[in-house]
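Colleague: okay, here's the prediction I keep looking at, along with the sequence it came from:
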Amino acid sequence: MSTTALNLDQLNAAQREAVATTEGPVMVIAGAGSGKTRVITHRIAYLIGTRRARASEILALTFTNKAAKEMKERVEKLLGADAAKDLWIGTFHSNFARLLRQHAELLGFSTNYSIYDQDDANRLIKEIMGELGINAQTLSPDTIQNVISNAKNKFVLASQFASQARDYVEDQAAKVYLRYAERLQKNNALDFDDLLIKPIELFLQRPDILEHYQHRFQYLMIDEYQDTNRAQYIVSKMLAAKHRNICVVGDDAQSIYSWRGADISNILNFQGDYPDAKIIRLEENYRSTQTILNLANKVIAQNKEQLKKRLFTRNEEGEPATLFICEDERREADKIAQTIRNLKLAKGYQNSDFAVFYRTNAQSRAIEEALRTHGIPYQVFGALSFYKLKEIKDVVAYLRFVLNPRDEESLLRVINFPARGIGEASVEKLRALANEEGLTLYELVCGAARYDLPPRLVSALNEFRMLIESLEQISRHASAYEVVAELYRQTRLLELLKEENSPEAKTRFDNLQEFLSFARRFSDENPDENSLNAFAQSVALMSETEDKNGDSNKVSLMTIHAAKGLEFPVVFVTGLEEKLFPLHLDDRKQLEEERRLFYVALTRAEKKLYLSYAKNRYRFGNLQPSLKSRFIDELDGELVVTEGGKSLCDLRAEEKERKRIIRDDDHAPDDFGDLSERWREPKSKKSFVPKPAAPSVPSETTYRAGMRVSHKMFGRGKIISVQGAGDDAKAKIYFERAGEKTLVLKFANLTVIE
DNA sequence: CTCATTAACGTTTTT
DNA sequence: CGTTAATGAG
């Protein structure tokens, strides 16, 4: 195929090798900005173009919908939409959800199974904990959910987990896990983890089915292999066992999801699994300036655990990075906004050329505010996904329930939405009755007339049942869009919101409308007969990022996790403070992951990098001093300048000098703000002296959270919380100088400050 | 049963 | 600080 040959000429030698080595196990170590997606898409095109494989024989697994979508589009560009349409390109979750739809019966599920996201699963776990009498105060549902999810990620099933539970938490979690699995089965529902685990169970039960897929998917490709967990590892190994045409692409330096069960040893040990594997390194970076790359390389070099590689670029050297040292988060945000405005004027950049990264979503607020006051358009990614909004989830729950009447969780969600007089008390009564009668809740709803229930309730239930039945009727022959439209019509959802006449209602109105048009688009693009099921399931696996329009001219705000895989001409990495970034620094492993995250942040930048930190930051509502991040110290000082034009090197020398002077003067060193260029000003000393003690108050004083207090040893602070009463009363207090302490009030001898 | 006010709570990341 | 869960009045 001439087009394919032409395409290969555009690749460098390593990329070409990665594309053309189609047979046998291959691991591509793709450094940041080295053209990874290009390699995968060309490889697919090459396989098809040279007739080594048909499109339907290729399975390409990605980590995010966005990556899948991009890959699909680029393959289509190379081959034409028609040639690419039989490809299985998608996330692990969506591809296996699709596969499971075909075989659900064998696992005791129907093809219309519901997919529960984290929220749904959490609700169910809370419910189960209630049933088991586990106190949610002692053991949070989130913890239990985490434990269960981790077990699933490692392909440890409930019974096995129960038999190997080691401590109290695991023991309780095991009880919940067992019942949780039962309940999912009863509801005909799978959670996200199940989408990975159930295929393994299926393949173990039915080797013939495994063989079918081994034969069908002659070529297996896995993107972001460093992010795969144990379950994903197992299932890919099973699928590749026969033909062994497995090509994994990844970068251990960008592994940032270990908290979610990603197992970096999957990529580190690939060669152990496949001793004959061909290892190909993509080391030429096409994205960033040399300066940016040098900074990043030096940062990542401080990690012990990693595969050897050396990234280089032939791009221009570029400007040094700029470091902003700010008083507080507002000035940090302001500085960023000003810089954006100036760069737009001076260098002709557009809004969309800028990205502002932060470690935690909470940090976006200050930045948004500053951008707003400067009149700079922006978009925030990821914070809360469109599909996680209550109103959207409620509508989706309707669709799920129409498809899957066994799904009690969805039923509970919609039975009184919009409010139709079936409140909590009624629902509890109905559930108890259903239990007594040995019926499912919905069976009882359908036969409500036969029981001695308040007539108003019976008629409300009847109305609800008729709604569900008519939607079910429509779903048999009409598209997902038509079902959603009919749901809106019958429930008068939009009208009800309009009548509310509040701004919140207006937003929800808009969201529902957007969902409707999304359904229409989906139905237009996927006109198969089973479309409501496909629609509901893909919505469950959807997150927002991918369907926000990327072409609008706005500054992008996002967490660094969300930034992976993206690139921007100008990047701001904010909040470089200890305990913020790095957020977790308890052990080396966590710290190395934070460092990889920093590496990811730096390598997103094409032309210019700005780094910043604030010496004070609001946390839980009050201003706290922060220490500059150790990551700043790890940077190559020659490649970073401050606003004043001084290099980081000079600054470090000054810092050293200053510490020496302070030591000689026998002053207690204060340990933040140490990069300040105004260190000579004697003022700075004063600002840390606590105020003289406020008038004392009687010992009977009741202390409340939020009160400002002063302590002899610890100085000024603010009460975070108070526990207990009388002589035993303790308060958790955040002290400006000493940090968080828990004190027995009786002995603390606090004074209240106005 | 619904709406209001209040208390508690937490801020990592995503399929 | 801002959001959500829990409680109490109407």
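Modeller: Good, I have the coordinates.
Colleague: show me the contacts for the closest residue to A:Leu202 other than its chain neighbours.
Modeller: Spatial nearest neighbour of A:Leu202, chain neighbours left out: A:His103 (5.6 Å); criterion: Cβ to Cβ, 6 or more residues apart in numbering. Yep, even glycine has a C-beta here, placed from its N, CA and C like the rest. By Cβ atoms under 8 Å, 6 or more residues apart in numbering, the residues touching A:His103 are A:202, A:206, A:209.
Colleague: of those residues, buried ones?
Modeller: Among those, those classed as buried by 16 or more other Cβ atoms under 10 Å are A:202, A:209.
Colleague: show me the shaky parts of the stretch 351-500 of chain A.
Modeller: Applying pLDDT under 70 to the stretch 351-500 of chain A flags residues A:383.
Colleague: can you tell me which residues in it are near DNA strand B?
Modeller: Within reach of DNA strand B by Cβ under 7 Å from any atom of the strand, the stretch 351-500 of chain A has these residues: A:359-362, A:382-383, A:385, A:416, A:419-426.
Colleague: now do 10 Å
Modeller: For the stretch 351-500 of chain A, the contact set with DNA strand B under Cβ under 10 Å from any atom of the strand comprises A:358-365, A:381-385, A:387-388, A:416-430, A:454, A:456-457, A:460, A:500.
Colleague: which of these are buried? Put it as a PyMOL command.
Modeller: Only the buried members of these enter the following PyMOL selection, criterion being 16+ other Cβ under 10 Å:
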select buried, chain A and resi 358+359+361+363+364+381+382+387+416+417+422+426+430+457+460
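Colleague: take the residues of the stretch 351-500 of chain A next to DNA strand B and keep only those in helices.
Modeller: Within these, residues falling in helices by DSSP state H are A:364-365, A:424-430, A:456-457, A:460, A:500.
Colleague: distance to A:Arg166 added to these, as CSV?
Modeller: Shown next, in CSV, are those (distance: Cβ to Cβ, whole Å):
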residue, distance to A:Arg166
A:Ser364, 39
A:Arg365, 41
A:Glu424, 38
A:Ala425, 41
A:Ser426, 43
A:Val427, 38
A:Glu428, 36
A:Lys429, 41
A:Leu430, 40
A:Arg456, 52
A:Leu457, 48
A:Ala460, 49
A:Glu500, 52
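Colleague: pick out the most distant pair among these.
Modeller: Using Cβ to Cβ, these span at most 46.3 Å, a distance reached by A:Ser364 and A:Arg456.
Colleague: may I see the buried residues of stretch A:206-222?
Modeller: Buried-residue list, stretch A:206-222, by 16+ other Cβ under 10 Å: A:209-210, A:213-214, A:217-222.
Colleague: number of residues surrounding the residue in the stretch 101-250 of chain A positioned nearest to DNA strand B?
Modeller: Residue nearest to DNA strand B within the stretch 101-250 of chain A (Cβ to the nearest atom of the strand): A:Phe192, separated by 3.9 Å. By the measure other Cβ atoms under 10 Å, the count of residues near A:Phe192 is 21.
Colleague: so how many other residues sit close to the closest residue to it other than its chain neighbours?
Modeller: Excluding its sequence neighbours, the residue lying closest to A:Phe192 (Cβ to Cβ, 6+ apart) is A:His93, at 6.3 Å. A:His93: 24 surrounding residues under other Cβ under 10 Å.
Colleague: so who does A:His93 touch?
Modeller: If you count contacts by Cβ under 8 Å, 6+ apart, A:His93 has them with A:192, A:195-196, A:541.
Colleague: tell me the secondary structure at it.
Modeller: Assigned state for A:His93: helix (three-state reduction, DSSP: H, G, I helix; E, B strand; the rest coil).
Colleague: which strands and helices sit next to the helix or strand harbouring A:Leu345?
Modeller: Element membership for A:Leu345, per DSSP states H and E: helix A:329-347. For helix A:329-347, the packing partners by 3 or more Cβ pairs under 8 Å, 6 or more residues apart in numbering; DSSP states H and E come out as strand A:321-328, strand A:354-358, helix A:364-373, strand A:568-573, strand A:605-619.
Colleague: closest residue of the stretch 101-250 of chain A to DNA strand C?
Modeller: Nearest residue of the stretch 101-250 of chain A to DNA strand C (Cβ to the nearest atom of the strand) works out as A:Ala136 at 7.0 Å.
Colleague: gap between that residue and A:Arg179?
Modeller: 15 Å (Cβ to Cβ, to the nearest Å).
Colleague: those two: which is more packed in?
Modeller: Of the pair A:Ala136 and A:Arg179, A:Arg179 is the one with more neighbours under other Cβ under 10 Å, namely 18 against 14.
Colleague: just to confirm, which helix or strand has the more buried one in it?
Modeller: For A:Arg179, the host element (DSSP H and E) is helix A:168-187.
Colleague: could you export that helix as PDB, CA atoms only?
Modeller: Extracted in PDB, the C-alpha atoms of helix A:168-187 (Å, rounded to 0.1, in the frame of the first residue of the first chain):
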ATOM      1  CA  TYR A 168     -10.200  -5.900  61.700                       C
ATOM      2  CA  VAL A 169     -10.600  -3.600  58.700                       C
ATOM      3  CA  GLU A 170     -10.100  -6.400  56.200                       C
ATOM      4  CA  ASP A 171     -12.400  -8.600  58.200                       C
ATOM      5  CA  GLN A 172     -15.200  -6.100  58.100                       C
ATOM      6  CA  ALA A 173     -14.400  -5.300  54.500                       C
ATOM      7  CA  ALA A 174     -14.600  -9.000  53.700                       C
ATOM      8  CA  LYS A 175     -18.100  -9.300  55.100                       C
ATOM      9  CA  VAL A 176     -19.200  -6.300  53.100                       C
ATOM     10  CA  TYR A 177     -17.400  -7.600  50.000                       C
ATOM     11  CA  LEU A 178     -19.300 -10.900  50.200                       C
ATOM     12  CA  ARG A 179     -22.700  -9.300  50.500                       C
ATOM     13  CA  TYR A 180     -21.800  -6.600  48.000                       C
ATOM     14  CA  ALA A 181     -21.000  -9.200  45.300                       C
ATOM     15  CA  GLU A 182     -24.300 -10.900  46.100                       C
ATOM     16  CA  ARG A 183     -26.200  -7.700  45.800                       C
ATOM     17  CA  LEU A 184     -24.600  -6.800  42.500                       C
ATOM     18  CA  GLN A 185     -25.500 -10.200  41.100                       C
ATOM     19  CA  LYS A 186     -29.100  -9.800  42.400                       C
ATOM     20  CA  ASN A 187     -29.300  -6.300  40.900                       C
END
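Colleague: I am finished for the moment; much appreciated.
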